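K.L.:
3D, please:
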Amino acid sequence: MTVILRSLACFAVISALASAAPAQDARVPSSPGEIRLSFAPVVKRIAPAVVNVYAARVVENRMPLFDDPIFRRFFGGGGGGPREQVQRSLGSGVIVDASGLVVTNNHVIENADQIKVSLADKREFDADLILKDARSDLAVLRLKDGRERFTAVDLADSDALQVGDMVLAIGNPFGVGQTVTHGIVSALARTQVGITDYQFFIQTDAAINPGNSGGALVDLAGRLVGINTAIFSRSGGSQGIGFAIPANMVRAVIASAKGGATVVRRPWLGAKLQAVTPEIADSLSLKRPAGALVNGVTAKSPAARAGLRTGDLIVEVDGQPVDDPNAFDYRFATKPLGG
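P.N.:
So this is what the prediction gives:
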């Protein structure tokens with residue numbers, strides 16, 4: 001059976017070219033010397049900002065038979081009370097602010113009673129949950145140390161990534177310790193994954209396994225381009241299909257956390273959208289079935305005030321193509337309120 005697995009992980013991606021380089025400079029290696037070039041300088045720069053996240057929660061286990069008074073009469077009632085058990089999960093995170101802000105996946109810390117963060121130099125810190133956003137599967141933590149300035153990564157424009165860019169994955173697969181793997185960006189704007197409300201993922205073949213969720217995608221300049229969140233696997237291990245949340249969505253969540261919010265506030269459109277099927281494309285004389293079709297507009301909503309009407313087709317947001325309603329939701333959700 002094929003399943004989508006959320007891989008507790010840290011994921012660092014590096015573009016094959018420095019983000020400042022123009023797209024037309026992309027090329028394959030031209031000599032054996034170029035093939036021997038190393039990613040070690042980037043790994044050395046990023047590794048201190050990649051952390052392990054340990055989450056623990058206490059659950060109560062009961063034996064249902066002890067709720068039966070007849071069973072308690074014959075076997076005694078002393079063992080009928082709830083028994084506490086500590087459940088632990090391991091993931092990864094990325095320090096995104098020198099004050100100690102850490103981004104990870106929401107599913108790594110969900111329902112946790114205690115959160116600890118371990119740095120690459122083995123030091124451990126307790127962490128407070130500042131904000132969690134189940135819709136994007138992201139969470140923001142703050143390390144409990146108000147004195148130190150931590151190594152952090154800057155955020156890049158994830159829309160600058162291209163299919164074929166080389167990537168690195170840095171994480172703690174299966175708890176063996178910080179590990180680096182490499183691959184390429186296999187696809188962009190994956191919207192049919194079914195993991196979060198905002199489906200718009202970077203896909204990579206860099207080896208990602210359970211133990212890696214919540215980490216960083218970085219370019220050659222060491223800037224964050226995404227956060228890993230899941231793998232597609234038949235066996236439970238890496239089969240070369242991993243998914244990462246783009247940095248532009250991460251930026252919106254971090255901005256809410258820095259603004260003091262405990263939840264992410266996002267813009268409201270006020271219109272119902274649907275996918276364009278081949279039949280609809282034929283009826284509209286479109287070259288291909290793409291875009292988000294408006295099939296309802298709420299009165300006095302932002303969409304209504306902007307002049308959207310039923311039957312309109314949204315094909316771009318700020319110059320970025322929109323292939324389906326999921327792509328529109330992502331583009332719209334990353335815009336600031338009031339924009």
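
K.L.:
was I right about Ile170 contacting Val50?
P.N.:
Yes. Counting by C-beta atoms under 8 Å, Val50 is a contact partner of Ile170 at 5.2 Å. For the C-beta atoms, the positions are set from N, CA and C on the backbone; glycine is no exception.

K.L.:
Can you pick out the residue with more neighbours from those two?
P.N.:
Ile170 (31 against 27; other C-beta atoms under 10 Å).

K.L.:
does the more buried one have beta-bridge partners, and which?
P.N.:
With DSSP bridges as the criterion, Ile170 is bridged to Val180.

K.L.:
Could you measure from it over to Pro48?
P.N.:
Counting by C-beta to C-beta, to the nearest Å, the gap from Ile170 to Pro48 is 11 Å.

K.L.:
ditto for Ala98
P.N.:
For Ala98 relative to Pro48 (C-beta to C-beta), the value is 11 Å.

K.L.:
which one of the two has more residues nearby?
P.N.:
Pro48 (15 against 12).

K.L.:
Would you verify that that one is located in a strand?
P.N.:
No. Judged by DSSP: H, G, I helix; E, B strand; the rest coil, Pro48 forms no part of a strand; its state is helix.

K.L.:
and it, what pLDDT?
P.N.:
Looking at Pro48, its pLDDT stands at 93.

K.L.:
what's near enough to touch the nearest residue to it once chain neighbours are set aside?
P.N.:
Excluding the flanking residues, the one nearest Pro48 by C-beta to C-beta, 6 or more residues apart in numbering is Thr151, at 4.0 Å. Taking C-beta atoms under 8 Å, 6 or more residues apart in numbering, we find Thr151 in contact with Pro48, Ala49, Ile95, Ala98.

K.L.:
quick check: mean pLDDT across stretch 330-339?
P.N.:
What stretch 330-339 shows for mean pLDDT is 84.

K.L.:
tell me, what residue is most central in the chain?
P.N.:
In the chain, the centroid-proximal residue (C-alpha atoms, centre = their mean) is Ile245; its distance is 3.4 Å.

K.L.:
can you confirm it is in a strand?
P.N.:
Yes. Under three-state DSSP, Ile245 sits within a strand.

K.L.:
Any idea what it is bridged to?
P.N.:
Ile227.

K.L.:
Could you report the distance from it to Val153?
P.N.:
15 Å.

K.L.:
What number of residues are in the vicinity of Gly339?
P.N.:
Residues lying near Gly339 (other C-beta under 10 Å) number 7.

K.L.:
need the contact list for it.
P.N.:
With C-beta under 8 Å, 6+ apart, Gly339 has these contacts: Pro267.

K.L.:
Could you do Arg36 as well?
P.N.:
Arg36 neighbours (C-beta under 8 Å, 6+ apart): none.

K.L.:
Quick check: neighbours shared by Ala98 and Pro48?
P.N.:
Phe150, Thr151.

K.L.:
So which residues of the stretch 151-300 of the chain form helices?
P.N.:
Listed in chain order, the helices of the stretch 151-300 of the chain (DSSP state H, counting those that start in this stretch) span 247-258, 278-283.
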